[in-house]
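Asker: Next comes the sequence, and after it the predicted model I'd like to discuss.
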Amino acid sequence: MRHRPFKHRRWLAAIALSALVAGGAMWLSQPVGPGASFTNQVAAESSAPVKPGVEPDYRPESASGVRTDIQQTNTFNIASSTPATLGPDPFAASLEGTEIDGALKADANGELIVDLETRDFFDYFLSTVGEVTPEEALDRIRTLAANNLPPKAAQQSMALLDQYLNYKQQALAMQNTALDPSRQNDPAYQQEMLNKAFTDLKQLRQAVFSPEAHRAFFGLEEAYGEYTLATLEIARRPNLSNEARRSLVAWHRNQLPEPLQRTERRLLESNEENRQRIEIMETASSPESAGQKLMDQGMSPEAATSVTSYLQERQDFDARYEHYNNALAQLRNSGLADKDQAAQQAQLLNQYFPDNKQQTWARLKMLGSN
């Protein structure tokens, strides 16, 4: 079994802030429409408060931070939960062979436990809109809740889903705010608009959700957003030295919740490791030497072999390009007509670079040198 791509974890990637400003709504381009209407009745029937769970621990799958997994320890005893898979016959083709992201859970009192897995569960099904109708996606959430949770928790989950759909529709509308064309390239104006968008989105969430649900769904996301905005503001200030910037960013990093501090530390360590590896590749006396030094630093033999092969290929290309460039210089001084020079140049390209990939590299290098 595999998990679907975590589209709603963009805020830990390099585009974290822009995704945060857009809200979770960016990935759902189609409005949910009248198919959400069934949740209104359930929302009216259930006014009982929902119970928050603890916030999860995020661990990036790779240095890029594009995907994260959840390691969650709930403070409540889980008495019932939705299943981990849809079985062999999922209702949307994109879900085939995947585990369900997140879950709806109830405690021993029959009340819904609200944590980030609740939002994951909603997003897993809502992301199929386009493949299937909104009604089909929503009906599957409702059916799984009704069949696997106590009645009270099922009603609470539908009330929360109704709030989530309302939030997504309003967040999409918020995205349509236009920038002032005369100021959109001004860094100060960009910072101002990012701050405003973040504040507006946070206020929207507070208006739509209970404090408990707001914290469970968006607590870590908003903490990271505030940190990102602060680092952008620090970077923009011209009166700060590099040392002062690093110190201030470190101070803001220490204000993050512990799970995000761990993620940031891993990313910083990974960035430093990548910087050291780039330095090794740029300064090594040969591809073989670079591969050995990378293994000494901790790179796997398989990865180091791949790097060595690529560097050898580039070394061979550089040697060929030098000879090719010398031949081109002689051709330009030959006095041939432009048409004949073009034909000769094409022949030289095929002569020195029989491989299509290296021909592409040669063309790109020529464009760069011009």
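Answerer: Alright, I've got the coordinates. Numbering: from 1, shown residues only.

Asker: pretty sure W361 is touching R320, no?
Answerer: No: taking contacts as CB atoms under 8 Å, W361 lies outside contact range of R320: 9.6 Å. To be clear about C-beta, it is placed using only N, CA and C from the backbone, and glycine gets the same treatment.

Asker: Overlap of the contact sets of those two?
Answerer: F353 (CB atoms under 8 Å, 6 or more residues apart in numbering).

Asker: remind me which residues of the stretch 51-200 of the chain are low pLDDT?
Answerer: Within the stretch 51-200 of the chain, the stretches with pLDDT under 70 are 51-76.

Asker: Okay, helices next: where are they in it?
Answerer: Remark: helices assigned in the stretch 51-200 of the chain by DSSP state H, counting those that start in this stretch are 116-126, 134-148, 151-175, 187-208.

Asker: Need these in CSV (columns: distance to P257 and mean neighbour count).
Answerer: As requested, the helices of the stretch 51-200 of the chain are exported to CSV (distance: least, CB to CB, whole Å; neighbours: other CB atoms under 10 Å):
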stretch, distance to P257, mean neighbour count
helix 116-126, 12, 23
helix 134-148, 29, 18
helix 151-175, 22, 21
helix 187-208, 16, 15
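
Asker: can you put those in JSON lines and add distance to Y224?
Answerer: Converted to JSON lines, the helices of the stretch 51-200 of the chain look like this (distance: least, CB to CB, whole Å):
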{"stretch": "helix 116-126", "distance to Y224": "13"}
{"stretch": "helix 134-148", "distance to Y224": "27"}
{"stretch": "helix 151-175", "distance to Y224": "17"}
{"stretch": "helix 187-208", "distance to Y224": "11"}
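
Asker: Quick one, which of the ones you listed gets closest to S300.
Answerer: With CB to CB as the criterion, S300 lies closest to helix 116-126 of the helices of the stretch 51-200 of the chain, at 31.6 Å.

Asker: That closest one packs against which elements?
Answerer: strand 68-71, helix 134-148, helix 151-175, helix 211-236 (3 or more CB pairs under 8 Å, 6 or more residues apart in numbering; DSSP states H and E).

Asker: Kindly recompute the last result at 6 Å.
Answerer: On a contact count with 3 or more CB pairs under 6 Å, 6 or more residues apart in numbering; DSSP states H and E, helix 116-126 meets helix 134-148.

Asker: Now do the strands in the stretch 201-350 of the chain.
Answerer: For the stretch 201-350 of the chain, no strands are identified by DSSP state E, counting those that start in this stretch.

Asker: Show me the shaky parts of it.
Answerer: The model of the stretch 201-350 of the chain has no residue with pLDDT under 70.

Asker: What ranges does it have for its helices?
Answerer: Using DSSP H, counting those that start in this stretch, helices in the stretch 201-350 of the chain cover 211-236, 242-253, 258-283, 287-297, 301-332, 338-352.

Asker: could these be laid out in TSV, adding distance to A93 and mean neighbour count?
Answerer: Shown next, in TSV, are these (distance: least, CB to CB, whole Å; neighbours: other CB under 10 Å):
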stretch	distance to A93	mean neighbour count
helix 211-236	28	18
helix 242-253	42	13
helix 258-283	33	14
helix 287-297	41	17
helix 301-332	34	14
helix 338-352	45	13
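
Asker: ok, now how distant is G225 from A303?
Answerer: Using CB to CB, to the nearest Å, we find G225 at a distance of 34 Å from A303.

Asker: Just tell me which of the helices of the stretch 201-350 of the chain ends up closest to Q169.
Answerer: The closest of the helices of the stretch 201-350 of the chain to Q169 is helix 211-236. By CB to CB, the value is 15.7 Å.

Asker: which helices and strands sit right next to that closest one?
Answerer: Identification of packing neighbours for helix 211-236 by 3+ CB pairs under 6 Å, 6+ apart yields helix 16-22, helix 187-208, helix 242-253.

Asker: Adding distance to Q261 as columns, could you present these in JSON lines?
Answerer: Formatted as JSON lines, those follow (distance: least, CB to CB, whole Å):
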{"stretch": "helix 16-22", "distance to Q261": "15"}
{"stretch": "helix 187-208", "distance to Q261": "20"}
{"stretch": "helix 242-253", "distance to Q261": "7"}
